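S.K.: Sequence and computational prediction follow.
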Amino acid sequence: MSLTFHTNSAEETIKLGEKIGSMLTKGDIIAMQGTLAAGKTTITKGIARALGIKEEITSPTFCLISEYEGKLPLYHMDVYRLEGGDDFINLGVEDLIYGNGVSLIEWSEKVMDELPKKTIILKIEPIEGTNERNISLENWPHGEIK
């Protein structure tokens, strides 16, 4: 299933993340795509909130993978600095993406060949000069989001 959304502010993007996060289940993988400052970490904050994570969510750009404990573990990855799929696999991510939690992968375009077919694709497109975003979910297995 494919779904599309429009948000007008960071707060609305976080709220959409909460709705998405409330429907996620063990083993879900979300491949996040969007330009620099598109809102990938912002929507992750909402997803984390829905998973009961109390820690502050920050971009894992320099540490590559941040792990958070909640109702389900959250593995937040940023593969921007990787050269490609081999670097991704060499991080040992298989234990995470095939584990007991939810995986969010920023800049996933670089590693799509290494991700399973069931991967959910979340695309964020900022509207220039505004705080608005067009957000789409592809391969969404959990039904309508209200």
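M.R.: It's in. Numbers count the residues shown, from 1 in each chain.

S.K.: For this structure, which segments are assigned as helices?
M.R.: 10-23, 40-50, 85-90, 94-97 (DSSP state H).

S.K.: For the lowest-mean-pLDDT helix or strand in the chain, report the contacting residues that lie outside it.
M.R.: Ranked by mean pLDDT, DSSP states H and E, the helix or strand of the chain with the weakest confidence is helix 85-90, at a mean of 78. Residues outside helix 85-90 that contact it (CB atoms under 8 Å, 6 or more residues apart in numbering): 79, 82, 110, 111, 113, 114. Where you see a C-beta, it was placed from the backbone N, CA and C, and this is true even at glycine.

S.K.: Top of those by number of neighbours, please.
M.R.: Within those, residue 79 tops the neighbour count with 26 neighbours, counted by other CB atoms under 10 Å.

S.K.: Quick check: phi and psi at that one.
M.R.: phi -100, psi 20 (degrees, to the nearest 10).

S.K.: so what's residue 77 bridging to?
M.R.: Beta-bridge pairing for residue 77 (DSSP bridges): residue 65, residue 105.

S.K.: So it sits against residue 102, correct?
M.R.: No: counting by CB atoms under 8 Å, residue 77 sits too far from residue 102 to count as a contact (11.3 Å).

S.K.: between the contacts of helix 85-90, which is closest to residue 120?
M.R.: Using CB to CB, residue 111 is the member of the contacts of helix 85-90 that lies nearest residue 120, at 14.5 Å.

S.K.: burial measure for residue 112, as a count.
M.R.: There are 13 residues near residue 112, going by other CB under 10 Å.

S.K.: Thanks a lot, catch you later.
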